[in-house]
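Student: Sequence and predicted structure, then a few things I'm wondering about:
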Amino acid sequence: MAASRALLPSPQVSPASARVRLAAAVPSSLTLAARGGAGAGARLRVRCAILSSPAPVAPTESRPVRRISPSAPDGALRPKPAVLVAEKLSEAGLAVLRQFADVECAYGMSPAELLAKAAQFDALIVRSGTKVTREVLEAGQGRLRVVGRAGVGIDNVDLQAATEVGCLVVNAPTANTIAAAEHGIALLASMARNVSQADAALKAGKWQRNKYVGVSLVGKTLAVMGFGKVGSEVARRAKGLGMHVIAHDPYAPADRARALGVELVSFDEAIARADFISLHMPLIPTTSKIFNDESFAKMKTGVRIINVARGGVIDEDALVRALDSGKVAQAALDVFTVEPPPKDSKLVLHENVTVTPHLGASTVEAQEGVAIEIAEAVVGALRGELAATAVNAPMVPAEILSELAPYVSLAEKLGRLAVQLVAGESGIKGVKVVYTTARGPDDLDTRLLRAMVTKGLVEPVSSTFVNLVNADYTAKQRRWSPSRFASRTCSPSSRVPSATAGTTSSWRAGSSTACLTSPSWGPTRWTSAWRAT
Ligand SMILES: NC(=O)C1=CN([C@@H]2O[C@H](COP(=O)(O)OP(=O)(O)OC[C@H]3O[C@@H](n4cnc5c(N)ncnc54)[C@H](O)[C@@H]3O)[C@@H](O)[C@H]2O)C=CC1
Ligand SMILES: O=C(O)C(=O)COP(=O)(O)O
């Protein structure tokens, strides 16, 4: 829809061509009117009052123009976007991509090869085996607009760098949940019954029935660490095996746990009570090596650990020590700190450890689902739509989006106008946007409009490409404190909302006022002010 097209990493527009062409002698007041699309009947007026003499603004740099939309409004033919698929993706997903883009599958590239290709593609699709580093993202800047992670974990993508360069990161968070949960259960059961060790021994000609006596699952306590999508499915299946399931997750809703008959407990309680511990949290700074000497010491002697999350949540040296001492009786690992792990890894070679080569998501069904999920997300993002699985951009509910749609381009224009009124970006010392609506504070998401104001302010006078992904970052870089972006609500019955901003003497140099009226919001007004030196 129109609103989203303007927000996401969309085809780049040259600052010069997009610049609001105002004469040096700007009228002291200007009114624009528009009729909203989605908000049928919505009326919109912009009044711009100039409080000081503006200097004309010239763009400082120009950026390459690349239009990629095959359905450009002028009907002109555009080259198709180019998508680089760096790891094996199911045919079903490739077919979705090929309908919209030129697709190159280059599996098994070296980091240097990926770096060399980054600037030749509009989108890059990876799984867990490709590191999308800052170097790659910066090399792709100006062209690479979307990174698609065909799976859940995005720890192999430098999200901060992606955000800084305005590259959207999307993932496929749901299609492999069941596969990962089933693999967790497979590892749990095969570890408890020594399946892989006994299999290897028998194939080596050894019939060792006494050596491979296992332990039962029924009645045992399983601690699920990370009660998200995979963790909940593991819990559900473990209950079916007659296990008592407890879970630790600082952010999990208690009602979800209650519904599954799972007790939510603290980290220390979970690891102290468990006979089996199954890991399902993301690898983030707070979970890195969270299973270490100290935490192993708090566990029951003889505990068994399953990891289908990320190798990095375990201090692997500490795990080897815990296995050697017998504190941990067995471990079953699908993931490793370094993948593939070194051939002489003590952990992999340990006789009490069962390993698989990161197979959690590797079922035919999951791979097909993931491929379609990521292909649709990437195509949508390339079309400029808001991605439901965006990792580094706000996800805006459809209802809010349709209400805001008519005002999105106004917000950008307001920014473009204002930057001219205050002598270009160097004249801006702060930005204040006050947005007033009858919606309640929790029901008011102004990030879209905020992003578009920032886009309008920055793009005409710099080479920076601004979109929903990097708008807040861009504002912070320019020391426009986010606290200056304020939003307020007014009573639904109020015909003339009272909130205004930028009228004090310190905010005197330039100001613009937009009055918005939306049928569902009642009168809505937002005021922006830009302070000049
Ligand atoms: N081995 C494989 O092939 C696969 C691995 N995974 C991995 O499994 C993990 C979980 O995936 P999903 O369940 O889909 O993600 P999710 O986001 O639905 O669940 C993760 C849960 O971890 C919780 N969490 C965050 N910090 C925590 C902490 N300090 N302690 C405990 N819990 C914490 C979150 O609140 C969330 O509920 C991810 O790391 C993902 O990459 C997922 C699919 C396949
Ligand atoms: O989805 C995840 O987080 C996974 O770990 C799956 O990884 P993969 O896509 O199989 O490399």
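Tutor: It's in. Numbering: from 1, shown residues only. Ligands and ions are numbered 1, 2, ... in the order given.

Student: How about the residues of this structure by ligand 1?
Tutor: 152-153, 173, 176-177, 180, 225-231, 248-252, 280-283, 286-287, 308-310, 334-335, 358, 360-361 (CB under 6 Å from any ligand atom). Every C-beta, even on glycine, is put in place using the N, C-alpha and C of the backbone.

Student: now do 5 Å
Tutor: Taking CB under 5 Å from any ligand atom as the measure of proximity, the chain contacts ligand 1 at 152-153, 176, 180, 226, 228-230, 249, 251, 280-282, 287, 308-310, 334, 360-361.

Student: Quick check: which of those residues are also close to ligand 2?
Tutor: 152, 153, 361.

Student: coming back round to it: can you say which of the residues of the chain next to ligand 1 are buried?
Tutor: The neighbour count (16 or more other CB atoms under 10 Å) marks 152-153, 176, 180, 226, 228-230, 249, 280-282, 287, 308-310, 334, 360-361 as buried among these.

Student: Tell me who's in contact with the nearest residue to residue 292 once chain neighbours are set aside.
Tutor: For residue 292, ignoring the flanking residues on the chain, the nearest one in space by CB to CB, 6 or more residues apart in numbering is residue 315 at 4.1 Å. Residue 315 makes contacts with 289, 291, 292, 293, as judged by CB atoms under 8 Å, 6 or more residues apart in numbering.

Student: End to end on stretch 113-127, go ahead and measure it.
Tutor: Taking CA to CA, to the nearest Å, stretch 113-127 runs 17 Å from one end to the other.

Student: Would you mark the buried spots in that stretch?
Tutor: 114, 115, 117, 118, 121, 122, 123, 124, 125, 126, 127.

Student: Check the model's average confidence along it for me.
Tutor: In this model, stretch 113-127 has a mean pLDDT of 97.

Student: That stretch vs ligand 2: in contact?
Tutor: Yes - contact between stretch 113-127 and ligand 2, assessed by CB under 5 Å from any ligand atom, occurs at residue 127.

Student: Please shift the residue numbers so they start at 54 in all later answers.
Tutor: Sure, I'll start counting at 54 from here, so that last one is stretch 166-180.

Student: all strands for the stretch 204-353 of the chain, in order.
Tutor: For the stretch 204-353 of the chain, applying DSSP state E, counting those that start in this stretch gives strands covering 221-224, 274-278, 297-301, 316-317, 329-332.

Student: So which of these is nearest ligand 2?
Tutor: Set against ligand 2 and scored by CB to the nearest ligand atom, these come closest in strand 221-224, at 7.8 Å.

Student: CA atoms only for that closest one - export them in PDB, please.
Tutor: Extracted in PDB, the C-alpha atoms of strand 221-224 (Å, rounded to 0.1, in the frame of the first residue of the first chain):
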ATOM      1  CA  LEU A 221      16.000  -4.300   6.300                       C
ATOM      2  CA  VAL A 222      16.500  -7.700   7.900                       C
ATOM      3  CA  VAL A 223      13.600 -10.100   7.700                       C
ATOM      4  CA  ASN A 224      13.500 -13.700   8.900                       C
END
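
Student: thinking again about what came up before, next one: the residue nearest to residue 345 from residue 343, what distance?
Tutor: Relative to residue 343, residue 368 is positioned 9 Å away (CB to CB, to the nearest Å).

Student: Reformat the buried residues of stretch 166-180 into CSV and put secondary structure next to each item.
Tutor: Listed next are the buried residues of stretch 166-180 as CSV, based on DSSP: H, G, I helix; E, B strand; the rest coil:
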residue, secondary structure
167, helix
168, helix
170, helix
171, helix
174, coil
175, coil
176, strand
177, strand
178, strand
179, strand
180, coil
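
Student: which one of those is nearest residue 148?
Tutor: Comparing those against residue 148 with CB to CB places residue 178 closest, at 13.7 Å.

Student: Can you tell me the closest non-neighbouring residue to the closest one?
Tutor: Counting by CB to CB, 6+ apart, the residue nearest residue 178 is residue 201, at 4.3 Å.

Student: Same question for residue 406.
Tutor: Using CB to CB, 6+ apart, the closest residue to residue 406 is residue 384 (4.9 Å).

Student: go on, residue 247?
Tutor: Residue 247 sits nearest to residue 265 (CB to CB, 6+ apart), 4.1 Å away.

Student: Whatever residue of the chain ends up closest to ligand 2 - how many residues pack around it?
Tutor: Residue nearest to ligand 2 within the chain (CB to the nearest ligand atom): residue 204, separated by 2.6 Å. Neighbours of residue 204 under the rule other CB atoms under 10 Å: 24.

Student: That one and residue 228: what is the separation?
Tutor: With CB to CB as the criterion, residue 204 and residue 228 are 8 Å apart.

Student: can you list residues touching both of these two?
Tutor: The contact sets of residue 204 and residue 228 overlap at residue 423 (CB under 8 Å, 6+ apart).

Student: Test my guess that the residue of the chain closest to ligand 2 contacts residue 423.
Tutor: Yes - between residue 204 and residue 423 there is a contact under CB atoms under 8 Å: 5.9 Å.

Student: Pull up the overlap in contacts between these two.
Tutor: Joint contacts of residue 204 and residue 423 (CB under 8 Å, 6+ apart) are 225, 229, 414.

Student: tell me, which helix in this structure spans the most residues?
Tutor: Counting residues, the longest helix in the chain under DSSP state H turns out to be helix 451-474.

Student: List the contacts of whatever residue of the stretch 204-353 of the chain ends up closest to ligand 1.
Tutor: Closest contact between the stretch 204-353 of the chain and ligand 1, by CB to the nearest ligand atom, is at residue 281 (1.8 Å). Shown in contact with residue 281 (CB under 8 Å, 6+ apart): 302, 305, 333, 334.

Student: Let me know the pLDDT of it.
Tutor: 95.

Student: can you check residue 76 too?
Tutor: 22.

Student: Apart from its neighbours in sequence, what residue is nearest the closest residue to ligand 1 within the stretch 54-203 of the chain?
Tutor: Proximity of the stretch 54-203 of the chain to ligand 1 (CB to the nearest ligand atom) peaks at residue 181, 7.1 Å away. Residue nearest to residue 181 in three dimensions, not counting chain neighbours: residue 209, with 5.7 Å by CB to CB, 6+ apart.
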